[in-house]
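Student: sequence first, then the predicted structure:
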Amino acid sequence: MFTPRLAMLAVLVLVLSALTISEGLRMASGPKKCCFEFVDRQISRKRVVSYTMTSQQCSNPAVLFKTLKGGQVCARPSEKWVKDYIQFLDSKTAGKQSPLM
C-alpha cells in the first residue's frame, strides 16, 4: 500500500526525470559552434573558401570562416573586411548556381 511519503517520493522522481530529459533535449538542439575568441587582423581572402554565421543562441554574434586547409576562423560580423568577404563569397556562390528550368 502506498504511503503519502512514498507517493511524494515517486512524484519527485518523475519530476526530476522529466527535467533531466528536457534539459538533455535542449542541449542536443543547441548551437553547434560558438566563438569566444576572434582574429585580431584581417586574414587573406585567398585562404577563405566559405563562411557560416554562428547561431543566435551563442552569446557572441560571429562569422565562422572556413579556410583552404579546413581550419575555422572566428571574426566579428561588424568589421568592414568581414562584410566584404561575405559579399565576395555570396557573389561567388550566386554565380555558380544554375537557373531553374
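Tutor: Received it, and whenever you're ready, just let me know what you need. Since we're looking at a predicted model, the values are computed, not measured.
Student: for the rest of this, base every contact and every neighbour count on C-alpha atoms.
Tutor: Will do.
Student: what is the burial count for Asn60?
Tutor: Applying other Cα atoms under 10 Å, we find 14 residues neighbouring Asn60.
Student: so what's it up against?
Tutor: Going by Cα atoms under 8 Å, 6 or more residues apart in numbering, Asn60 touches Cys34, Cys35, Phe36.
Student: just the buried residues of these.
Tutor: Buried subset of those (neighbour count, 16 or more other Cα atoms under 10 Å): Cys34, Cys35.
Student: tell me the one of the contacts of Asn60 nearest Arg45?
Tutor: Closest to Arg45 out of these is Cys35 (20.0 Å), distances taken as Cα to Cα.
Student: can you add pLDDT and give the contacts of Asn60 back as JSON lines?
Tutor: Below are the contacts of Asn60 laid out as JSON lines (pLDDT from 0 to 100):
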{"residue": "Cys34", "pLDDT": "94"}
{"residue": "Cys35", "pLDDT": "95"}
{"residue": "Phe36", "pLDDT": "95"}
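Student: from the contacts of Asn60, which is closest to Leu64?
Tutor: Using Cα to Cα, the contacts of Asn60 come closest to Leu64 at Cys35, 8.0 Å.
Student: part of a strand, is that closest one?
Tutor: No. Cys35 is assigned coil when assessed by DSSP: H, G, I helix; E, B strand; the rest coil, not a strand.
Student: neighbouring contacts of the helix or strand hosting Ala94?
Tutor: Here Ala94, judged by DSSP states H and E, is contained in helix 80-96. With contacts defined as Cα under 8 Å, 6+ apart, helix 80-96 is touched by Gln42, Arg45, Val49, Ser50, Tyr51, Val63, Ala75, Arg76, Pro77.
Student: all set, thanks.
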